[in-house]
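Peer 1: After the sequence you'll find the predicted model.
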Amino acid sequence: MLWIISSLVFILLRVAPGDPVDAILGTRANEFARESLRIKLGLDKPLINQYLEYLNHLIHGNLGISLNTQEPVKIIIAKALPASIELAIFAILIASSIGYLIGFLGAVRPESKTDFFGRIFSIGTYALPPFWAAMLIQIIFAVLLGWLPIGGRLTPGIITPPPVTGFLILDSILNKNIETFFSSFIHLILPSVTLGILLSGIFSRSLRLNLENILKRDYIEAAKSRGINNSRILLKHALPNTLLPILTITGLTVSSLIGGALLIEITFSWPGIALGLQEAINQRDYPVVQGIVVIISSLVVMISVSIDIAIAYIDPRVSY
């Protein structure tokens, strides 16, 4: 999978309109300067040679050098990835808290007003365009009410603490910097809440459908016939059996969030890996785009494998 993805991104970047030389020098540069830069960047070589060289570097863990900044791609990703992971973690916490609560209430009270609201909420949040929802929340809470900052990761003028983990909130705690912690936290609220609300419909719908199906099983009816109270049946027999599909959905959502929150990061000017990918595409920075896509794909594959292993341990019916 990683080989196919890395090969596809290499080919698509080369056939897509645009030239990295034009992005760096502009269209008015003379031909000698353009050709010199093309040779320096290795873009004058045959495509098959570029591809084989790219794969050789990739196998050895070398993601290349940025065409625009001449900075190693590893360093660029290392700077941006913690911001995306931090946003993803908080968004997942919000999405799971809201979504699972609504889905649970809808499953235990089917066809009620709560269930009806949960269905509308799930469909509505899933269908909302991310950029529209983000701008609407910005207008309400940042522009009209002025409660929270409109974007960014830190208030201008506040000194970033020495990087320990790359996660701004955690680094501010480790450095005992209360001002930085408060600023980074309030900047995280709007993008994480927006992303969490948009994702909560997936969690709500998934839990409701799985729990509703479990509650119709024969062993649940057998437990009721033995006089076991409903709360015990729900907590001890029904909910544990919904863990497998919920675990799968949660894991895949976390992995996709790391690189899939592009519109949210752009709208809130969040300096994460998705925003870095968008900038690299605009600048035709081939190594940065290739490196980011490979890293995101690797994370998705690792999380997917981890989920499969976890399911094998949780469910005794599964064996590899």
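Peer 2: Now that the structure is in, tell me what you want to look at.

Peer 1: Report the buried residues of whichever strand or helix holds residue 187.
Peer 2: Residue 187 is part of helix 178-214 when elements are defined by DSSP states H and E. By 16 or more other CB atoms under 10 Å, the buried positions in helix 178-214 come out as 180-181, 183-184, 187-212, 214. Any C-beta I mention is one placed from the backbone N, CA and C, and that applies to glycine too.

Peer 1: Equivalent analysis for stretch 151-163, please.
Peer 2: Residues of stretch 151-163 classed as buried: 151, 153, 154, 161 (neighbour count, 16+ other CB under 10 Å).

Peer 1: same check, this time on stretch 90-104
Peer 2: Across stretch 90-104, burial judged by 16+ other CB under 10 Å covers 90, 91, 92, 94, 95, 96, 98, 99, 100, 102, 103, 104.

Peer 1: Using PDB, write out every CA atom in stretch 218-228.
Peer 2: Output in PDB follows, covering the C-alpha atoms of stretch 218-228 (Å, rounded to 0.1, in the frame of the first residue of the first chain):
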ATOM      1  CA  ASP A 218     -31.500 -13.500  21.500                       C
ATOM      2  CA  TYR A 219     -29.100 -13.400  24.400                       C
ATOM      3  CA  ILE A 220     -30.400 -10.000  25.400                       C
ATOM      4  CA  GLU A 221     -33.900 -11.400  25.400                       C
ATOM      5  CA  ALA A 222     -32.700 -14.400  27.400                       C
ATOM      6  CA  ALA A 223     -31.100 -12.000  30.000                       C
ATOM      7  CA  LYS A 224     -34.400 -10.100  30.300                       C
ATOM      8  CA  SER A 225     -36.300 -13.300  30.800                       C
ATOM      9  CA  ARG A 226     -34.000 -14.200  33.700                       C
ATOM     10  CA  GLY A 227     -35.000 -11.000  35.500                       C
ATOM     11  CA  ILE A 228     -31.800  -9.100  35.000                       C
END
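
Peer 1: please renumber so the chain begins at 28
Peer 2: Happy to do that; since the first residue is 28 now, the last one works out to stretch 245-255.

Peer 1: Not counting that stretch itself, show me its contacts.
Peer 2: For stretch 245-255, the external contacting residues (CB atoms under 8 Å, 6 or more residues apart in numbering) are 241, 257, 260, 264, 265.

Peer 1: Give the closest residue to the fourth one in space, chain neighbours not counted.
Peer 2: When you say that, I think you mean residue 264. Spatial nearest neighbour of residue 264, excluding adjacent residues (CB to CB, 6 or more residues apart in numbering): residue 250 at 5.8 Å.

Peer 1: Quickly find the element holding that neighbour.
Peer 2: Secondary structure from DSSP H and E places residue 250 in helix 245-252.

Peer 1: tell me the angle of that helix relative to helix 205-241?
Peer 2: Here the directions of helix 245-252 and helix 205-241 differ by 90 degrees (axes from the mean of the first three to the mean of the last three CA atoms, to 10 degrees).

Peer 1: for helix 245-252, the distance to its chain's centre please.
Peer 2: With CA atoms, centre = their mean, to the nearest Å as the basis, the distance from the averaged C-alpha position of helix 245-252 to the chain average is 40 Å.

Peer 1: Show me what the helix or strand just after that helix is in contact with.
Peer 2: Stepping forward along the backbone from helix 245-252, the first helix or strand reached (DSSP H and E) is helix 257-259. Surrounding helix 257-259, the residues in contact under the criterion CB under 8 Å, 6+ apart are residue 251.

Peer 1: What's the mean pLDDT across helix 257-259?
Peer 2: Helix 257-259 shows a mean pLDDT of 77 in the predicted model.

Peer 1: Could you pull out the buried residues of that helix?
Peer 2: Buried-residue list, helix 257-259, by 16+ other CB under 10 Å: empty.
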